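1. the sequence and its predicted three-dimensional model are supplied below.
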Amino acid sequence: MNSAGISPVPPIARRGVLLVLSSPSGAGKTTLSRALLEGDRGIRLSISVTTRKPRPGEIDGSDYIFVSAAEFENMRANGELLEWATVFGNSYGTPRAPVEAAIARGEDVLFDIDWQGAQQLAEKKAGDLVRVFILPPSGGVLETRLKGRAQDPPEIVAKRMAEASAEISHWAEYDYVIVNADLETSIEGLRAILAAERLKRERLLGLSQFVRDLQSGL
């Protein structure tokens with residue numbers, strides 16, 4: 001019992017949440033993802049496989065699982081990927097087995113993927129999926145952020161800017177939209193979304209038994 005003489009409520013078994021963050025490159029979804037992961041032990045990042053070459057500082061198996069084009073195609077053909085997409089000439093995909101195991105255990109999984117991947121996940125895991133689209137406050141801010149990363153040559157930055165409008169056009173397919181003008185405000189909003197989705201009745205698999213036990217004790 002606590003100091004008020006009330007016994008603690010036992011945890012109610014639930015199914016995990018698949019939380020998708022999408023945005024045009026440079027809008028801040030990676031920064032928001034890291035902030036959410038650092039402050040919440042109940043959610044982990046889905047590690048994508050990709051044919052892209054590692055960027056400076058990226059670690060195989062931690063940031064991405066780097067594979068050859070042939071290995072990626074084998075995984076796709078064998079049904080080992082929940083979703084996949086080709087972006088700027090590189091392939092990306094989500095391994096199926098670890099994600100399905102996590103949500104069955106009641107663990108939440110975070111996805112940093114584009115709209116193509118989100119659509120495929122919606123086809124396979126609609127009941128588990130929560131989609132959040134991150135918008136930049138303006139085109140000028142987006143370009144400044146892309147240039148400030150200093151990871152891509154000017155021609156790639158220009159290409160990403162050209163693609164931004166097409167990516168943003170998919171915003172209405174998402175459950176929530178966050179305009180990332182202020183990082184702390186955006187993080188607070190993202191945490192609130194996750195907290196609410198965790199409490200949805202249909203995800204609380206142990207709720208029916210809890211209510212029956214509650215009623216029997218009245």
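-> Good, I have the coordinates.
2. could you report the pLDDT at the residue located most distally from the centre of the chain?
-> Residue farthest from the centre of the chain, counting by CA atoms, centre = their mean, is Leu218 at 41.4 Å. pLDDT recorded at Leu218 is 88.
3. next one: Ile168
-> 89.
4. ok, it touching Ser25?
-> No: the pair Ile168 and Ser25 does not pass the contact test of CB atoms under 8 Å, sitting 11.2 Å apart. From N, CA and C alone the C-beta is placed, and that goes for glycine too.
5. show me where the chain has its helices.
-> Using DSSP state H, the helices of the chain run over residues 29-39, 69-77, 96-104, 115-125, 139-149, 154-168, 183-198, 207-216.
6. any idea which of the ones you listed gets closest to Asp63?
-> helix 29-39 (9.9 Å; CB to CB).
7. returning to that earlier point: and the helices of the chain: which comes nearest Val9?
-> helix 207-216 (8.3 Å).
8. and stretch 159-175, what's buried?
-> Arg160, Met161, Ala164, Glu167, Ile168, His170, Tyr174 (16 or more other CB atoms under 10 Å).
9. outside of that stretch, which residues touch it?
-> 20, 22-26, 88, 114-115, 118-119, 130-133, 135, 139, 142-143, 146, 152, 177 (CB atoms under 8 Å, 6 or more residues apart in numbering).
10. and that stretch, how far out from the chain's middle?
-> 17 Å (CA atoms, centre = their mean, to the nearest Å).
11. buried set for stretch 51-61?
-> In stretch 51-61, counting by 16+ other CB under 10 Å, buried: Thr51, Arg52.
12. could you tell me the end-to-end distance of it?
-> 13 Å (CA to CA, to the nearest Å).
13. over to stretch 195-215?
-> 26 Å.
14. and Ala192, how far from Lys147?
-> Remark: distance between Ala192 and Lys147 (CB to CB, to the nearest Å) = 31 Å.
15. nope, Ile113 is what I meant
-> Following CB to CB, the distance that separates Ile113 from Lys147 is 24 Å.
16. those two: which is more packed in?
-> Ile113 (26 against 13; other CB atoms under 10 Å).
17. ranking helices and strands of this structure by mean pLDDT, which lands last?
-> Least confident helix or strand of the chain, by mean pLDDT, DSSP states H and E, is helix 139-149 with a mean of 74.
18. and that one, what does it pack against?
-> Contact here means 3 or more CB pairs under 8 Å, 6 or more residues apart in numbering; DSSP states H and E; on that basis helix 139-149 packs against helix 154-168.
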